[in-house]
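J.: Turn this into a model:
(one chain, ligands or ions: 1)
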Amino acid sequence: MQRDEQIFELIQEEHERQLHGLELIASENFVSNQVMEAAGSVLTNKYAEGYPGKRYYGGCEVVDVVEQIAIDRAKTLFNAEYVNVQPHSGSQANTAVFAACLKPGDTILGFDLSHGGHLTHGSPVNFSGKLYNPVFYGVKKETGIIDYNHVEEVAKKERPKLIIAGASAYSRDMDFKRFREIADEVGAILMADISHPAGLIAKGILNDPLPHCHIVTTTTHKTLRGPRGGMIMMGKDFENPFGLKLKSGKLKKMSTLLNSAVFPGNQGGPLEHIIAAKAIAFGEALTDDFMHYTLQVKKNAKAMAEAFVAKGYHIISDGTDNHMMLIDLRNKDISGKEAEEALVKADITVNKNMVPFDDKSPFVTSGIRVGTPAITTRGLKEDDMAAIVDLIDEVIINHQDEDKLKDVASKVNAMMGDKPLFS
Ligand code: PLP
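T.: Numbers count the residues shown, from 1 in each chain. Presented below is the predicted three-dimensional model:
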């Protein structure tokens, strides 16, 4: 068969872009060669509807073992009694949990998107805001930190069936114990979505949601540094509180409801090549090297936040506990959109992001979100962070000066060009 040069040339172009640029998108990372090898393996050819040992297709002996290894490694990594590695993405993991726990029209309480939440936590443009009745909690204006008393107030008033603790743009640790107290007060199920900080949580350097939350979802491709995908976990399985019974009359376990919400509820065949890549990434995450990696991610983020503050930038909540920070650019006379576009011209990638109490639209925004997972994988250390902030500052000050942006791009290329994507 003729090689599809058109696509392979584009893949090469993207490879060059990743190699020579500074990747500061907080939700991105670079996977190892073995993760990539598994993701591009013959397992992509296999249909395997069902679960290990209970499939709707023949020939699943090998993928059964692969999927079970992925489940077992994730259980060890997160100290979980239940894991489902089949969700194709973080959104699909959340969709399945909602389907298992809610009926259309039920109230859900999530973190406001403009304060740092995710689309799937109740945004009106997403299934979660269309199918369910979303209400929100947010951060305190003065501190940029979640106001747990406000969470409790809204929960008591709105009586949600499900509370979601999790964020896409929140630089502080979360108090899952307090969330659970609130959930128990109103009889809600508590779900943590740890898509962003999962890698740091796995290594114990942030609060662990598994002892406190009924259900935990995550993506596998952010700080966890695996292939793009999702996962659902429970610290302890439990009988469903909705009165759903087996033929025997016993209450169904929550694991049964979650498994059937993933398949056949929301997905068909699992992506066994991606599940193999997840298994490899979980194996990598179990090593001491990954411990060093996550500690470095956090050190880098702290050093970067301090360098931004020293240059007069306003970081929401004045710092970071994790891998990222949200920068309010309103005192710099530039929108998030303009900053993102100018930075791309200098081969620096970030994403524009709304900041709490933003007066600009989600397409324009007043802020940018910056994270260190990807540059840490490429081997950068805390001493490199001030130089990166200097480059970003140069772009923001000179965002309309094309020559200056080209000059910064060549500095970025010199800094990154000799570093492998995965070190
Ligand atoms: N949940 C959170 C908190 C996220 O940040 C994201 C992705 O950005 C998702 C869910 C969705 O993940 P995916 O893009 O894999 O659907």
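
J.: so how far is Gly144 from Met231?
T.: Plainly put, Met231 is 29 Å away from Gly144 if you go by CB to CB, to the nearest Å. All C-beta spots, glycine's among them, are computed from the backbone N, C-alpha and C.

J.: Would you mind telling me which of the two has the busier surroundings?
T.: Between Met231 and Gly144, counted using other CB atoms under 10 Å, Met231 has the larger neighbour count: 29 against 23.

J.: in its sheet, what does whichever strand or helix holds that one sit against?
T.: Using DSSP states H and E, Met231 sits within strand 230-234. Taking DSSP bridges as the criterion, strand 230-234 forms sheet pairs with strand 82-84 (antiparallel), strand 215-219 (antiparallel).

J.: which residues touch Gln18?
T.: Residues in contact with Gln18 (CB atoms under 8 Å, 6 or more residues apart in numbering) are 30, 421.

J.: If you could redo that for Tyr56, that was the one I meant.
T.: 49-50.

J.: what are the ranges of the helices in the stretch 151-300 of the chain?
T.: For the stretch 151-300 of the chain, the helices defined by DSSP state H, counting those that start in this stretch occupy 176-186, 198-202, 254-260, 272-285, 288-310.

J.: circling back: of the strands paired with strand 230-234, flag the one that's most buried.
T.: Stretch with highest mean neighbour count among the strands paired with strand 230-234: strand 215-219 (a mean of 29; mean count of other CB atoms under 10 Å).

J.: relative to helix 176-186, how tilted is that strand?
T.: 130 degrees (axes from the mean of the first three to the mean of the last three CA atoms, to 10 degrees).

J.: now what about strand 215-219, what contacts it?
T.: Residues contacting strand 215-219 (CB under 8 Å, 6+ apart): 27, 78, 80, 87, 89-90, 93-94, 97, 101, 166, 189-195, 198, 209-210, 224, 228-235, 254, 258.

J.: switch to 7 Å and redo it
T.: The contact list for strand 215-219 (CB atoms under 7 Å, 6 or more residues apart in numbering) reads 89-90, 93-94, 97, 189, 191-195, 198, 209-210, 224, 229-234.

J.: same question for it, mean pLDDT?
T.: Strand 215-219 shows a mean pLDDT of 98 in the predicted model.

J.: Do any residues in it lie close to the ligand?
T.: Yes. Strand 215-219 is in contact with the ligand by CB under 6 Å from any ligand atom, via Thr219.

J.: Any idea which residue of this protein lies closest to the ligand?
T.: Nearest residue of the chain to the ligand: Gly90, at 2.5 Å (CB to the nearest ligand atom).

J.: Spell out which residues of the stretch 101-250 of the chain are next to the ligand.
T.: 118, 120, 166-168, 193, 195-196, 219, 230.

J.: Could you tell me which of those residues belong to strands?
T.: 166, 193, 219, 230 (DSSP state E).

J.: wait, which of those residues is closest to Leu10?
T.: For these, the closest approach to Leu10 (CB to CB) belongs to Thr219, at 24.6 Å.

J.: Without its sequence neighbours, what residue ends up closest to that closest one?
T.: Nearest residue to Thr219, sequence neighbours excluded (CB to CB, 6 or more residues apart in numbering): Gly90, at 3.7 Å.

J.: Phi, psi for that neighbour please.
T.: phi -60, psi -40 (degrees, to the nearest 10).

J.: What is the neighbour count of it?
T.: 28.
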